[in-house]
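1. With the input below, show me the fold.
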Amino acid sequence: MKIITCNVNGIRSAYQKGFFDWVKSLEADFICVQETKAQLKNLDLSHLHLENYHRYEHDAVKPGYSGVAIYSLKKPSNVEYQLGFNCADTEGRFIQLNYPTYNIISLYLPSGTSGEHRQSEKYAFMDKFETILKNWLKKKQSFIICGDINIAHQNIDIKNWRSNQKNSGFLPEERAWLDKLFNELGLIDLFREVNHEPDQYTWWSNRGNAYQKNVGWRIDYQISSPDWKKKIISASIYKEQKFSDHAPLIMDFQI
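-> Presented below is the predicted three-dimensional model:
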């Protein structure tokens, strides 16, 4: 099984930059995207369909904002769009495809960079989602969460970690939340299970030639229930082409 996740920062923009031609060539089982910035259900966007794939999307109520989607080769038994709280449900930040033995999720956590109000929204999202994760684990559900979490976990996951410790995305409270998910709840940071190297980033600022200098953050993840740990074959971040300010994260599994 091959799973790709990418924050496309506008699905129409990514299409124009060749994202769809690239993903077609990989024949992935699942392509999870975030920040579609499109009302995919309401527009005639036939060019954003992928042949042989089923597409499911959760658009934000606000046009041109947020939004997540999943392209799947295999039709799911059912699709879930709601987490039960406003920030996730009206801003198009969650979609889940359910299969008999596992679930695949595309998730887009809020960013807190625009001010204290949004940082508070981010913390509220984290708290509520943690409760949901505990419930999934209690029920022994098998899942992979693909998405832009908007948090760099450890110093190795951000180039300028010293100067960013008071900035949203690398705050102690945010990093402690990921510590809890991985160390207490037992969730798996799938990329880090097989790649412990520094300078492995998935997002770069548009300022200061950050991409060219690889001054980045690793804020895009595939996070799973514990049962996926031994199924990992490989993980890679694709940088040969630039479709967005984020790079796609590709993972292969033996199932």
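
2. Now Y123: closest residue in space, sequence neighbours ignored.
-> Excluding the flanking residues, the one nearest Y123 by CB to CB, 6 or more residues apart in numbering is E173, at 7.1 Å. For every residue, glycine as well, the C-beta is placed using N, CA and C.

3. Revised request: answer the last question for K62.
-> In this structure, K62 finds its nearest non-sequential neighbour in E91, 7.3 Å apart by CB to CB, 6+ apart.

4. wait, the one you found sits on V68?
-> No: judged on CB atoms under 8 Å, E91 makes no contact with V68 at a distance of 9.6 Å.

5. Mind checking which of these two has more residues around it?
-> V68 (30 against 21; other CB atoms under 10 Å).

6. send the alpha carbons of stretch 200-213 over as CSV?
-> Coordinates of each C-alpha in stretch 200-213 appear next as CSV, following Å, rounded to 0.1, in the frame of the first residue of the first chain:
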residue,chain,number,x,y,z
GLN,A,200,14.0,16.3,6.7
TYR,A,201,11.4,19.1,6.1
THR,A,202,8.0,19.3,4.5
TRP,A,203,7.3,23.1,4.6
TRP,A,204,9.4,26.2,3.9
SER,A,205,8.6,29.9,4.2
ASN,A,206,8.4,31.9,1.0
ARG,A,207,10.8,34.4,2.5
GLY,A,208,14.6,34.4,2.5
ASN,A,209,15.1,31.6,-0.1
ALA,A,210,14.2,29.2,2.6
TYR,A,211,13.4,26.4,0.1
GLN,A,212,16.6,26.7,-1.8
LYS,A,213,18.6,26.8,1.5
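
7. Enumerate the positions of it that are buried.
-> Buried residues in stretch 200-213, defined by neighbour count with 16 or more other CB atoms under 10 Å: Q200, Y201, T202, W203, W204, A210, Y211.

8. cool, stretch 95-114 as well?
-> Buried, per 16+ other CB under 10 Å, within stretch 95-114: 95-97, 102-112.

9. Quickly name whichever of those residues is closest to D179.
-> Nearest to D179 among the buried residues of stretch 95-114: L109, at 16.0 Å, using CB to CB.

10. roughly how far apart are the closest one and F20?
-> Look at L109 and F20: by CB to CB, to the nearest Å, they are 25 Å apart.

11. again with Y221
-> Distance of Y221 to F20, computed by CB to CB: 23 Å.

12. Between those two, which is the more surrounded one?
-> Per other CB under 10 Å, whichever of Y221 and F20 has more neighbours is Y221, with 26 against 20.

13. show me the contacts for that one.
-> T5, I145, C146, G147, I149, D189, L190, F191, L249 (CB atoms under 8 Å, 6 or more residues apart in numbering).

14. cool, S66 as well?
-> E35, T36, K37, A60, E91, G92, R93, Y108.

15. Just put the residues you listed in TSV and tack on distance to L45, secondary structure and pLDDT.
-> Below are the contacts of S66 laid out as TSV (distance: CB to CB, whole Å; DSSP: H, G, I helix; E, B strand; the rest coil; pLDDT from 0 to 100):
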residue	distance to L45	secondary structure	pLDDT
E35	16	coil	98
T36	10	coil	96
K37	12	coil	95
A60	15	coil	96
E91	20	coil	97
G92	15	coil	97
R93	20	coil	98
Y108	19	strand	98
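
16. Determine which two of the residues you listed are furthest apart.
-> Most distant of the contacts of S66, by CB to CB, are K37 and R93, 12.9 Å apart.

17. Those two: which has the busier surroundings?
-> More crowded of K37 and R93, by other CB under 10 Å: R93, with 26 against 22.
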